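In: After the sequence you'll find the predicted model.
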Amino acid sequence: MSRSSSENTMTLTPQRPSLPMADLVHGNRSPVTCHLRCGDACFGEAPNTTRTSYFRDVAATALSRRSVLGAAAVGTTGLVLSSQPAAAAFREIAATGKPGTPGSGSLPFAAIAPVPNTVDAFTVPTGYRWDTIIRWGDPILAGAPVFDAANQTGAAQAQQFGYNCDYLDIIVTDRKGRRALLVANHEYTNENIMFPPTMDPSELIRTAMAAHGMSVVELRRKSVGSTWTYVPDSERSRRITVDTPFTVDGPAAGSDLLKTAADPTGRLVLGTLNNCAGGTTPWGTVLSGEENFNQYFHRPTVNVTPQEKRYGIGPADGRNWRSVDSRFDAVANPNEPNRFGWIIEVDPEDPMSTPVKHTAMGRFKHEGANVIINGDGKVVAYMGDDERFDYVYRFVSRDTYRSGGKKKDRAHNLTLLSSGDLSVARFTGDGLEDGVSDGTGEWIPLTVNGESVVPGFTTEQVLVYTRLAADVVQPTKMDRPEDVEPNYVNGFIYVACTNNTDRGKVGKEGATEPNPRNANKNGHVVEMQPTGGNHTSPTFAWNLILICGDAATAGTYFGGYTGPVSPISCPDNVAFDSAGNLWVSTDGQPNSIGLNDGLFKVPVAGPERGRVQQFLAVPIQAETCGPVIHDRDGSVFVAVQHPGEEGTWDAQTSRFPDYVPSTSAARAGEFAGPRPSVVQVTRG
């Protein structure tokens with residue numbers, strides 16, 4: 001299904017269902033999204049209630065870059081620091097484009113005009129087209145029925161593409177570039193617009209459960225640069241759901257904290273939940289982050305432990321999954337929530353393989369994980385905990401990557417995330433006298449040689465209750481750090497901090513140099529440089545490349561670029577093209593600046609550093625997810641999540657992507673309502 005930039009535009013007035021947060025929503029998301037994605041997390045108290053004085057003290061004294069780096073390096077053997085202050089060297093590299101020298105890439109375009117948040121259209125630049133590769137409900141396994149929105153069942157959904165696709169990758173699998181595997185997460189469901197009101201309640205829950213998880217789908221195309229289509233009934237395709245067995249590895253595998261009556265070994269978990277972003281490894285596996293898993297479990301307030309409270313476990317039970325599966329009753333099964341909140345690893349090349357939950361990488365509300373191979377062969381993974389006032393993490397593998405193409409090399413690489421060390425970031429500002437939010441930082445260890453170094457915490461406790469262990473060492477509280485990804489061209493790391501409207505409220509931490517705005521509704525992007533280009537270094541320099549919003553609004557910053565830029569708010573996921581340009585997808589613009597969410601290109605070096613240009617916009621009430629930039633192939637891919645989020649079955653606010661005007665006009669497999677989908681954008 002293809003569309004040009006001007007076809008099938010609908011302008012609708014959003015309709016809000018009655019929800020607990022309808023008049024009380026905090027931040028920028030719609031109340032529907034807040035309720036369904038994260039269980040109204042932004043309505044309640046932020047789980048991190050620790051009082052951290054460290055950063056306020058450091059910011060007030062405006063320590064020099066050199067003194068902070070020197071202090072951080074004490075006791076470090078073999079670390080060579082530049083004689084030039086790190087943050088200043090960082091700015092010089094960004095200005096000159098060295099190393100890496102990002103270029104323009106091979107996707108020339110004129111930035112689109114911002115799209116108002118009432119428009120139900122997928123908008124692309126002039127000269128480009130968009131095609132839907134796969135939609136919610138499309139059959140992908142042998143024997144799967146044709147999608148029928150009015151008659152969905154759990155059994156059917158378990159064989160079909162899931163709902164609300166988030167992380168996305170297109171992994172080319174043959175030398176001619178004509179076959180690939182599409183891998184996508186399915187974060188959460190919106191039963192109000194998915195199912196008719198007459199649907200049996202138990203079947204509705206089972207169908208929603210089956211719509212979670214992940215999909216692996218085989219793709220084919222006629223030639224390089226042409227549009228991909230998916231292959232129904234392929235033996236290479238796969239659905240991963242809440243019932244799929246996962247093995248548990250790492251130091252916490254077999255811990256008493258993970259054991260249940262159904263799994264007395266603590267090493268076999270059924271399913272994965274609320275999968276948000278992720279990453280693809282150099283050895284061809286996909287990592288996925290289990291994020292807002294807490295909302296699926298019920299625990300009366302009187303029984304909530306401090307550990308559970310820090311993770312948001314409580315009485316909220318809007319999904320009522322425990323009515324069909326007792327695992328989700330956290331009173332009867334108090335350890336079951338501990339079995340979620342991990343980074344999982346899936347091998348898309350082997351549909352019979354068992355996915356893994358990696359305890360060495362810690363447990364929190366993972367947005368995702370992205371890896372880079374360090375110069376010494378160590379695998380380094382960067383991760384964000386997507387919660388107000390939570391932290392940025394780093395994992396360094398114990399063993400080293402093998403680049404050989406033999407099966408034994410890949411088998412070895414599949415174990416790299418099972419053992420290693422976890423640390424958490426502390427950002428130190430150098431003062432704002434230079435007019436820039438920048439400074440230095442350090443990685444504070446939580447485990448060393450696979451063992452806890454946090455006072456009062458065993459290794460198992462550090463990994464299962466990572467948030468509480470991190471609180472002890474006082475890292476920097478960030479404004480919802482979501483996607484954290486290395487740029488393979490310049491070697492820097494980019495952190496998307498979506499927003500935090502709680503910053504500066506009474507009793508809450510106020511603005512700091514790495515989080516420079518109180519009531520931060522627009523978010524920002526942090527750029528980090530490992531000392532000496534070494535991703536295992538205990539120190540780094542940092543800079544805010546974007547302080548988002550409309551350029552006409554005070555308090556914005558675009559990497560030093562002073563010309564016209566596209567307005568941008570609520571950065572969520574990041575990606576890079578072959579020239580190292582940063583691409584940012586957004587989640588929250590409709591409520592923060594009144595515009596549909598989109599995908600934006602941002603050069604990170606040279607004279608156009610910080611120039612934000614909007615490439616596409618998604619339809620009404622949708623979020624732009626999982627951007628994949630295959631610029632050398634002339635393609636951009638995005639996952640369109642929760643289009644028409646605020647509608648109801650009888651009053652849909654979006655018709656994307658089928659754009660069928662009514663149920664009576666729908667053909668088999670179509671839907672007169674919104675379907676989260678994966679879209680490819682190409683020249684044409």
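Out: Arrived safely.

In: Next one: the nearest residue to Gly510 once chain neighbours are set aside from Phe427, what distance?
Out: Nearest residue to Gly510, sequence neighbours excluded (CB to CB, 6 or more residues apart in numbering): Gly504, at 4.4 Å. In short, each C-beta sits where N, CA and C put it, glycine included. Going from Gly504 to Phe427 by CB to CB, to the nearest Å gives 17 Å.

In: Between the two, which is the more surrounded one?
Out: Phe427 (27 against 15; other CB atoms under 10 Å).

In: Pull out the buried residues from stretch 513-532.
Out: 513-518, 520-531 (16 or more other CB atoms under 10 Å).

In: That one - what's its average pLDDT?
Out: Average pLDDT, stretch 513-532: 97.

In: any chance you could map the helices in the protein?
Out: Using DSSP state H, the helices of the chain run over 31-38, 54-61, 65-72, 86-96, 154-157, 191-194, 201-211, 306-310, 407-413, 459-464, 466-473, 589-592.

In: between these, which has the poorest average model confidence?
Out: In terms of average pLDDT, helix 65-72 trails the rest of the helices of the chain, at a mean of 28.

In: Next, the contact list for Trp321, please.
Out: By CB atoms under 8 Å, 6 or more residues apart in numbering, the contact set of Trp321 is 205, 209, 296, 328.

In: Strands of the stretch 251-400 of the chain, residue ranges please.
Out: 268-270, 275-280, 286-290, 343-346, 356-358, 370-373, 378-384, 388-390, 392-400 (DSSP state E, counting those that start in this stretch).

In: Let me have these in JSON lines, adding mean pLDDT as columns.
Out: Listed next are the strands of the stretch 251-400 of the chain as JSON lines, based on pLDDT from 0 to 100:
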{"stretch": "strand 268-270", "mean pLDDT": "98"}
{"stretch": "strand 275-280", "mean pLDDT": "97"}
{"stretch": "strand 286-290", "mean pLDDT": "98"}
{"stretch": "strand 343-346", "mean pLDDT": "98"}
{"stretch": "strand 356-358", "mean pLDDT": "98"}
{"stretch": "strand 370-373", "mean pLDDT": "98"}
{"stretch": "strand 378-384", "mean pLDDT": "98"}
{"stretch": "strand 388-390", "mean pLDDT": "98"}
{"stretch": "strand 392-400", "mean pLDDT": "98"}
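
In: Quick check: which of the ones you listed is nearest to Thr624?
Out: Ranking these by proximity to Thr624 (CB to CB) places strand 275-280 first, at 12.1 Å.

In: Other residues contacting the closest one?
Out: Counting by CB under 8 Å, 6+ apart, 166-167, 169, 171, 183, 185-187, 212-214, 286-292, 344, 366-371, 381, 386, 482-483, 485, 573, 625-626 sit against strand 275-280.

In: any idea which residue sits dead centre in the protein?
Out: Nearest to the mean C-alpha position of the chain, by CA atoms, centre = their mean, lies Ala277 at 3.0 Å.

In: In PyMOL, select just the buried ones from the contacts of Trp321.
Out: Selection command for PyMOL covering only the buried members of those, criterion 16+ other CB under 10 Å:
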select buried, resi 205+209+296+328
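
In: Report the two of the contacts of Trp321 separated the most.
Out: Across those, the longest distance by CB to CB is 10.9 Å; it joins Ile205 and Tyr296.

In: any residues in contact with both of the two?
Out: Joint contacts of Ile205 and Tyr296 (CB under 8 Å, 6+ apart) are 319, 321.

In: Flag the shaky bits of the chain, pLDDT-wise.
Out: In the predicted model, the chain carries pLDDT under 70 at residues 1-29, 31, 34-35, 37-45, 52-105.

In: Touching, Thr207 and Gln157? I think so.
Out: Yes. With contacts counted by CB atoms under 8 Å, Thr207 reaches Gln157, the gap being 4.9 Å.

In: Tell me which of these two has more neighbours.
Out: Gln157 (27 against 23).

In: gap between that one and Asp138?
Out: 11 Å.

In: now do Thr556
Out: 40 Å.

In: now swap in Gly250 and tell me
Out: 35 Å.

In: Equivalent analysis for Pro486, please.
Out: On the measure of CB to CB, Pro486 and Asp138 end up 33 Å apart.

In: In the sheet, which residues pair with the residue nearest to Ala470 when sequence neighbours are not counted? Tell me.
Out: Closest residue in space to Ala470, ignoring its immediate chain neighbours: Val424 at 4.6 Å, by CB to CB, 6+ apart. Residues in a beta bridge with Val424, per DSSP bridges, are Tyr393, Ile444.

In: Let me see the contact set for Val424.
Out: 391-394, 443-444, 446, 470, 473, 475.

In: Kindly report the same for Phe656.
Out: 120-122, 619-620, 622, 640, 643-644, 674-675, 677.

In: so which of the residues you listed comes closest to Pro108?
Out: Nearest member of the contacts of Phe656 to Pro108, counting by CB to CB, is Phe122, at 20.2 Å.

In: Can you report how many residues lie near that closest one?
Out: Phe122 is flanked by 28 other residues according to other CB under 10 Å.

In: Give me the spatial nearest neighbour of it, chain neighbours excluded.
Out: Trp130 (5.4 Å).

In: number of nearby residues for that neighbour?
Out: Neighbours of Trp130 (other CB under 10 Å): 24.

In: And the one 4 residues further on, by the same measure?
Out: Applying other CB under 10 Å, we find 25 other residues in the vicinity of Ile134.

In: Hmm, Pro676 and it touching each other?
Out: No. Using CB under 8 Å as the test, Ile134 is too far from Pro676 to be in contact (9.9 Å).

In: what would the contacts of Val424 look like in CSV with distance to Lys309 and neighbour count?
Out: Below are these laid out as CSV (distance: CB to CB, whole Å; neighbours: other CB atoms under 10 Å):
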residue, distance to Lys309, neighbour count
Tyr391, 17, 24
Val392, 22, 26
Tyr393, 21, 26
Arg394, 26, 26
Trp443, 27, 24
Ile444, 23, 21
Leu446, 20, 26
Ala470, 15, 26
Val473, 20, 18
Pro475, 19, 25
